[in-house]
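Chemist: from the sequence below, what's the structure:
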Amino acid sequence: MRPIDLHVHSNYSDGTLSPAELVELALRKGLAAFALTDHDTVDGLEEAMRYAAEFSAAQKGSSPGGEKDTESASLAAVPEVVPGIELSSEYQGKDIHVVGLYIDFRSPAFQDRLKGFVDSRTERNRKMCALLSRAGIPVTYEELLEAYPDSVITRAHYAGYMLQKGYVKSRQEAFERYIGDNAPCYIPREKITPAQAVQLILQAGGAPVLAHPILYHMSEEQLDSLTGELREAGLMGIEAVYTTYSAADERRIRALASKYDLFLSGGSDFHGANKPGIDLGSGLGNLFVPFEFLQDIKKRMGIRQG
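Modeler: All right, here's what the predicted structure looks like:
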């Protein structure tokens, strides 16, 4: 059975590959499906889903460009693109992420809520650019948009920009000296609560998933409390398989899933060159998210399986 990857980022947020390139990479790696879960945006989903459909057509005789492509026709089945998102939220001073799977990303109400996130992020970015300029790093928000068109600007973009311009010698230096959580040019974003993120995903017809809970470095009691609260709010799944998990980590999350009747999810959290060494589908090399996870998710959501 082919693997899947339910946590993937494109260059529409802080990844480096386009949605179309992700489809091609997933095809080459033999994935059965991948979820495009960009941060607080769904702008890359149309491109990914359209390109996957074009590749399906290519296997029947023509390439995405319209020309005959016998090589693509001999490849494995085109992976399903699961429409998703990763919402940022805050809980007891911690940054908590909630992934949404199979969202109705074209919903006008959902799009309106995301626009509010974008507007807030834009204001924050302008303030950060002003702080950086006063610190001797001349940059405007418009310059960042020009350097990274069609992207939701994140701190990864700031670090890349400063590195390209020679203001820092590494991305790590950019974070440590300027834009890290406790650095002088950092401004925190306005965030919703995890429960609000869960509700927003449910309202968009999607399945909310608590992303990489081990990364929050909570005690057993704290993580249990958070998971219980979110289950009450409508949480449906939890990432039990993740790039950096140990076997003990996975057992811990599987136990939580069992306790709160959550489906299991998993993914690489692939970002391309922005997270070196983490590959699509396989993470650091030994990640394997089974197709059965997707089958269970679809069953719980009442999605017809072909």
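Chemist: which ones are touching the residue most central in space within the chain?
Modeler: A centroid search over the chain (Cα atoms, centre = their mean) returns T37, at 3.4 Å, as the residue closest to the centre. Listed by Cβ atoms under 8 Å, 6 or more residues apart in numbering, the contact partners of T37 are L6, H7, V8, H9, G84, I85, E86, V99, G100, L101, G267. To be clear about C-beta, it is placed using only N, CA and C from the backbone, and glycine gets the same treatment.
Chemist: excluding chain neighbours, what is closest to the fourth one?
Modeler: The reference is to H9. Counting by Cβ to Cβ, 6 or more residues apart in numbering, G15 is the residue found nearest to H9 once chain neighbours are left out, at 3.6 Å.
Chemist: would you state the strands of the stretch 151-300 of the chain in chain order?
Modeler: Secondary structure of the stretch 151-300 of the chain, counting by DSSP state E, counting those that start in this stretch: strands at 207-210, 237-242, 263-267.
Chemist: in its sheet, what does the longest one sit against?
Modeler: Note on strand 237-242: by DSSP bridges, its sheet partners are strand 207-210 (parallel), strand 263-267 (parallel).
Chemist: now the residue nearest to the centre of the chain, nearest residue through space, not along the chain?
Modeler: G84 (4.0 Å).
Chemist: where does the one you found land in three-state SS?
Modeler: In the three-state summary, G84 is assigned as strand, counting by DSSP: H, G, I helix; E, B strand; the rest coil.
Chemist: how near is it to D249?
Modeler: For G84, the distance to D249 (Cβ to Cβ, to the nearest Å) stands at 22 Å.
Chemist: more neighbours: which of the two?
Modeler: G84 (26 against 17; other Cβ atoms under 10 Å).
Chemist: the more buried one is in contact with I103, isn't it?
Modeler: Yes: G84 sits in contact with I103 when judged by Cβ atoms under 8 Å, with a separation of 6.4 Å.
Chemist: any chance you could map the helices in the stretch 1-150 of the chain?
Modeler: Chain-ordered helices for the stretch 1-150 of the chain, with DSSP state H, counting those that start in this stretch as the definition, fall at 19-28, 45-58, 70-73, 108-134, 141-147.
Chemist: by mean pLDDT, show me the worst of the ones you listed.
Modeler: Ranked by mean pLDDT, those end with helix 70-73 at the bottom, a mean of 41.
Chemist: most tightly packed of the strands of the stretch 151-300 of the chain?
Modeler: Mean neighbour count (mean count of other Cβ atoms under 10 Å) peaks for strand 207-210 among the strands of the stretch 151-300 of the chain, with a mean of 29.
Chemist: restricting to C-alpha, output that strand in CSV.
Modeler: Provided in CSV are the C-alpha atoms of strand 207-210 (Å, rounded to 0.1, in the frame of the first residue of the first chain):
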residue,chain,number,x,y,z
ALA,A,207,-11.9,17.7,9.9
PRO,A,208,-9.8,19.5,12.6
VAL,A,209,-6.6,17.8,13.6
LEU,A,210,-4.2,18.7,16.4
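Chemist: re the thing from before, of all the strands of the stretch 151-300 of the chain, which lies closest to G44?
Modeler: The closest approach between G44 and any of these, judged by Cβ to Cβ, belongs to strand 263-267 at 15.9 Å.
Chemist: who touches the closest one?
Modeler: Contact partners of strand 263-267, identified using Cβ under 8 Å, 6+ apart, comprise 5-8, 35, 37, 99, 101, 207, 209, 236-243, 254, 257, 287, 289, 293, 296-297, 300.
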